[in-house]
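Asks: pasted the sequence and its predicted model underneath.
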Amino acid sequence: MKFKSKSGLLSRRTLLAALPVLALAACQSKTAGDVLDPSGGAVSPEANSATNSPAQSAGPAPSAQTFGSGETKVFMLLPLSAGGSMGEKGRRMFDAAKLAMTDLGNQTITLSVQDTRGDSTVAKDLVVKAMSAGARVIIGPTELDAAQRLTAISGPTRPPILVLAENFPGAPSLYAMALNEADSAAAGAAAIAQKGKRKFVLFVARGPIAGAIEKRVVNGLSITGASLALTMPFDPAAEAEKAATDMLATVSAPEGVVIAIGDASPLPILRALKARGISADKISVIGTARWLEQPLADPLVQGVYVAALDKSEAGPIADRFKATYGYAPDVNAVYAYDSVALTAGIAGAMGPKGFTRQVIENKNGFRGSAGVFHFRADGASERSMSFYRIEKGTPKKIANSVTGF
């Protein structure tokens, strides 16, 4: 398949090679051909250490700013002045965006960073403002409610949007940048199903994304011929005992148990299941990437499988980020960096008119600082994840690349 550039026809292979932004060819790859090589680029121990360092605070709330002088207009919507963890997240993403512009974007795009204040209504209004201002692509928002509202904004003037909100499933031309809990759960379940397990149950936190998680796990299992025997929505904090009892009353001898409960502690449901003879030392228990944000020392967690992004992928960027700002980037900063890098790469290779679905949804995908990914027509992102088993309080990698697609 061919793509048109300002100078004529550009092959897909040439286009992807022309996006060193996401591969960081200057830092991670020796040649342009290494751009999409998932194994390309060695990571220094120092860089890997930086990525895994304890979280530190970003600086004070910055004001809305514009960076770069490129022809392509890009708007980025972040909760810069929001309070608490949301504001901290926005400021980390702001720092990552500045680094990406310095590395790659100053000559190819003009990036206008706007403050949503953590308010979904403000975020949606800023999207409309960006459209009126001629934005070729919008990065953000980080607010899930605002992202969901964007599906109501349609028409030829709406540019592609790289959504930074957690657990946003995607929609046509609304592309999910962040790894969703649904993807992690599906990839973990599929990896276990590939080992021959066939009957699974899913414990999922009751809420608006429970259905999306169930759908993804069902799809992931179907690839291998496995099936989901039961989905058990519940309140992880108050209904663990009842959920475990109800599951066993319906399904006997499950071969795999998937637990997707967001940022809630998995210990109550693990404790309830163990009291009924189900534990990670007896059958396959699959958690999600959200578990890795919590302490893993409890004996109940040992042996649990998790599919998650490989932090070592971000080594070179993490090294420069920490050297620049004095603290290590988290995964949200990595998503922000990759979003700006992707827009700069497409703009540099194809100009302002290059942000078409054909280009963004190309099946070869892009190599980002969080690994290889590509976007589907429904806006979901397919990311390569590593597969881990929690042992002695630490996730131990047991496979390099798994996916639930």
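Replies: Perfect, I can see it now.
Asks: in space, what's closest to T288 - neighbours in sequence excluded?
Replies: Nearest residue to T288, sequence neighbours excluded (Cβ to Cβ, 6 or more residues apart in numbering): S184, at 4.2 Å. Just so you know, the C-beta spots here come from the backbone N, C-alpha and C atoms, and that holds for glycine as well.
Asks: just confirm the one you found is within a strand.
Replies: No: applying DSSP: H, G, I helix; E, B strand; the rest coil, one finds S184 to be helix, outside a strand.
Asks: pretty sure it sits against E293.
Replies: No: judged on Cβ atoms under 8 Å, S184 makes no contact with E293 at a distance of 11.7 Å.
Asks: out of those two, which sits in the busier spot?
Replies: Neighbour totals were compared for S184 and E293, and S184 leads with 29 against 12 (other Cβ atoms under 10 Å).
Asks: so where's this protein shaky on pLDDT?
Replies: Along the chain, the model assigns pLDDT under 70 to residues 1-61, 403-405.
Asks: who are the neighbours in contact with the residue sitting furthest away from the middle of it?
Replies: Largest separation from the mean C-alpha position in the chain: A249, at 35.6 Å (Cα atoms, centre = their mean). Listed by Cβ atoms under 8 Å, 6 or more residues apart in numbering, A249 has no contact partners.
Asks: am I right that it sits in a helix?
Replies: Yes: under three-state DSSP, A249 sits within a helix.
Asks: distance check, it against R276.
Replies: 10 Å (Cβ to Cβ, to the nearest Å).
Asks: how deep is E361 tucked in, by neighbour count?
Replies: When neighbours are counted by other Cβ under 10 Å, E361 registers 18.
Asks: let's see stretch 308-315 as PDB, backbone CA atoms only.
Replies: Only the C-alpha atoms of stretch 308-315 are listed here, as PDB (Å, rounded to 0.1, in the frame of the first residue of the first chain):
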ATOM      1  CA  ALA A 308       2.200  -5.400  31.400                       C
ATOM      2  CA  LEU A 309       4.400  -3.000  29.600                       C
ATOM      3  CA  ASP A 310       8.100  -3.700  29.800                       C
ATOM      4  CA  LYS A 311       9.600  -0.700  31.700                       C
ATOM      5  CA  SER A 312      13.100  -1.400  30.300                       C
ATOM      6  CA  GLU A 313      11.800  -0.300  26.800                       C
ATOM      7  CA  ALA A 314      11.800   3.200  28.100                       C
ATOM      8  CA  GLY A 315      15.400   3.100  29.300                       C
END
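Asks: mind listing the helices for this protein?
Replies: Under the criterion DSSP state H, the chain contains helices at 12-17, 20-23, 45-51, 84-100, 120-132, 144-149, 181-193, 210-222, 240-250, 267-274, 315-325, 331-350, 357-360.
Asks: in JSON lines: those, plus distance to T231.
Replies: Output for the helices of the chain, formatted as JSON lines (distance: least, Cβ to Cβ, whole Å):
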{"stretch": "helix 12-17", "distance to T231": "38"}
{"stretch": "helix 20-23", "distance to T231": "36"}
{"stretch": "helix 45-51", "distance to T231": "34"}
{"stretch": "helix 84-100", "distance to T231": "29"}
{"stretch": "helix 120-132", "distance to T231": "28"}
{"stretch": "helix 144-149", "distance to T231": "21"}
{"stretch": "helix 181-193", "distance to T231": "11"}
{"stretch": "helix 210-222", "distance to T231": "5"}
{"stretch": "helix 240-250", "distance to T231": "10"}
{"stretch": "helix 267-274", "distance to T231": "14"}
{"stretch": "helix 315-325", "distance to T231": "37"}
{"stretch": "helix 331-350", "distance to T231": "27"}
{"stretch": "helix 357-360", "distance to T231": "32"}
